[in-house]
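Visitor: this is a predicted model, with the sequence first.
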Amino acid sequence: MMTISLTTIIAGAVVVLLAILGSLINPFLRSLRFPDNAENEENPAEEETDPTAETAKEKEESLESREPISVIITAHDNLYELEHNLQMFLQQKYPADYQVIVVCQSTDGETQDYLKRMAAENSHLYYTYIPESSRYMSRKKLQITLGVKAAKYEWIILTEPTCTPSNDKWLYTMTRNCQEPNHLVLGYVALEDATKGVRRFDSIRKAFYLLRRAQHSYGYRTHMPNVAFRKSDFMREQGYQGNLEYVRGEYDFLVNKYAAYGDTAVELDCDAWLIHDEPTDKAWHNAHLYLQASRKSLTRAKSMMSLMAMDHLFPHLSLIASLATLAYAILMQDWILTGIAGFALLLLLILRTVIAHKAIKHFDDDISLLKLPFYEYGIIWRNLANKIRYWRADKNDFTSHKL
């Protein structure tokens with residue numbers, strides 16, 4: 001007769017409990033609020049009988065009129081990207097006037113020639129440039145500041161030449177939140193399909209942290225260049241005053257400085273998405289390095305970092321416990337505990353994979369299901385690699401205040 005030892009019972013219960021906790025303590029279970037357009041399309045009968053449907057329809061009709069808006073694009077050696085992406089910004093179906101302001105370098109003659117030709121063909125386009133030298137301030141932030149000053153309208157959307165709207169309804173959809181009580185609107189940016197799956201996964205996972213925080217309390221920062229803000233706020237608070245020494249981090253600081261409780265909207269409708277060109281390895285790694293440099297100057301960071309640490313701790317603790325128990329059980333020829341440990345390991349991996357797949361399919365349904373566990377458990381190693389790159393880098397590369 002087979003007997004079950006107390007050690008087997010306790011160890012088995014612990015690994016199963018850790019597997020459950022390791023699956024449920026998960027950023028992908030903290031859902032984002034998505035538009036309910038798809039539900040209305042799938043249930044037209046319900047929409048007709050819903051007593052609030054007319055109210056929703058009237059609200060949508062009231063939004064047919066939009067406020068004029070300015071779009072700022074900062075360019076530096078981005079002629080190729082502008083040639084491929086700028087046209088869609090200029091072809092938006094928008095019921096009010098809008099302007100697209102491209103701020104480039106004064107020494108970039110080819111880009112200026114291209115913009116001059118485009119401006120002659122399209123009244124929405126306006127361009128300006130910054131001087132060749134700019135001390136004590138990053139060129140990127142100077143470009144944004146000059147663009148804001150040149151903007152004719154109160155609401156401004158800031159983006160990059162490496163991005164393009166997913167369709168001609170981007171501006172119309174993005175601006176439906178540009179009204180009281182909002183002072184910031186964060187939009188979604190998808191990495192194009194050619195981008196490595198692991199990078200698309202990392203970007204989506206960050207969005208679940210950052211966009212959800214903005215939806216439920218305060219905006220912390222954003223890694224997505226699709227941000228609407230008020231010109232009056234920017235000018236009153238002196239733009240990037242307080243973090244001018246950092247070369248980059250313009251989107252992070254914009255959200256971190258100007259977000260207040262309840263005044264930040266998040267627009268997740270796919271019509272409001274921008275598509276980002278596949279980032280080069282250098283651009284991808286540099287973005288992480290600049291974040292390492294500027295993160296210490298962001299407010300409201302402790303709660304976010306604590307949450308991320310907890311989300312890493314429990315799944316890794318569960319994985320280690322399951323593998324250690326499995327190895328111990330095999331060594332001791334405790335086949336009951338072997339089965340329990342194996343079950344706990346499979347439970348952890350399957351649950352986390354299913355949860356992640358369900359959460360990210362709204363943004364990207366091409367990421368391989370089988371690779372998701374490797375993407376998730378590889379995060380700490382990718383983070384470690386970024387920290388090592390930062391430790392080895394010359395810190396003067398991250399500041400415009402050279403010593």
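Guide: Received, thanks.
Visitor: where does residue 367 sit: helix, strand or coil?
Guide: Following DSSP: H, G, I helix; E, B strand; the rest coil, the label given to residue 367 is coil.
Visitor: from residue 35, how far off is it?
Guide: The gap separating residue 367 from residue 35 is 22 Å, by CB to CB, to the nearest Å. C-beta: built from backbone N, CA, C; applies to glycine.
Visitor: what does residue 295 give?
Guide: According to CB to CB, residue 295 and residue 35 sit 31 Å apart.
Visitor: repeat that for residue 102.
Guide: When residue 102 is compared with residue 35 (using CB to CB), they lie 30 Å apart.
Visitor: higher neighbour count, those two?
Guide: residue 102 (27 against 14; other CB atoms under 10 Å).
Visitor: name the helix or strand for the more buried one, please.
Guide: Residue 102 is located in strand 98-105, with elements delineated by DSSP states H and E.
Visitor: again, but for residue 234
Guide: helix 231-236.
Visitor: quick check: next helix or strand after that helix?
Guide: For helix 231-236, the following helix or strand on the C-terminal side (DSSP H and E) is helix 250-258.
Visitor: what helices and strands are in contact with whatever helix or strand comes next after that following helix?
Guide: The helix or strand immediately downstream of helix 250-258 is strand 264-267, counting by DSSP H and E. Using 3 or more CB pairs under 8 Å, 6 or more residues apart in numbering; DSSP states H and E as the contact criterion, the secondary-structure elements in contact with strand 264-267 are strand 184-187, helix 197-216.
Visitor: tell me the buried residues in strand 264-267?
Guide: Applying a neighbour-count criterion of 16 or more other CB atoms under 10 Å, one finds 264-267 buried in strand 264-267.
Visitor: quick one: strands adjacent to that strand?
Guide: When pairing is defined by DSSP bridges, strand 264-267 lines up against strand 184-187 (parallel).
Visitor: just give me the neighbour total for residue 371.
Guide: Applying other CB under 10 Å, we find 14 residues neighbouring residue 371.
Visitor: show me what contacts it?
Guide: 197-198 (CB atoms under 8 Å, 6 or more residues apart in numbering).
Visitor: next: residue 355.
Guide: With contact taken as CB under 8 Å, 6+ apart, residue 355 is in contact with 23, 26, 28-29.
Visitor: looking at these, which is nearest residue 339?
Guide: For the contacts of residue 355, the residue nearest residue 339 by CB to CB is residue 23; the value is 19.1 Å.
Visitor: which outside residues touch the strand or helix carrying the closest one?
Guide: In the assignment (DSSP H and E), residue 23 maps to helix 6-24. Counting contacts by CB under 8 Å, 6+ apart, the residues outside helix 6-24 that touch it are 314-319, 321-322, 325, 328-329, 334, 336-337, 340-341, 343-345, 347-348, 351-352, 355.
Visitor: tell me the pLDDT at the residue lying closest to residue 249 once chain neighbours are set aside?
Guide: Nearest residue to residue 249, sequence neighbours excluded (CB to CB, 6 or more residues apart in numbering): residue 294, at 3.8 Å. On the pLDDT scale, residue 294 is placed at 91.
Visitor: buried ones in whatever helix or strand residue 294 lives in?
Guide: Counting by DSSP H and E, the element that carries residue 294 is helix 281-294. Judged by neighbour count using 16+ other CB under 10 Å, the buried positions of helix 281-294 are 284-286, 288-294.
Visitor: how far off centre is whatever helix or strand comes next after it?
Guide: Following the chain from helix 281-294 toward its C-terminal end, the next helix or strand by DSSP H and E is helix 301-331. On the basis of CA atoms, centre = their mean, to the nearest Å, the separation between the geometric centre of helix 301-331 and that of its chain is 25 Å.
Visitor: do stretch 147-165 as well
Guide: Taking CA atoms, centre = their mean, one finds stretch 147-165 lying 18 Å from the centre of the chain it belongs to.
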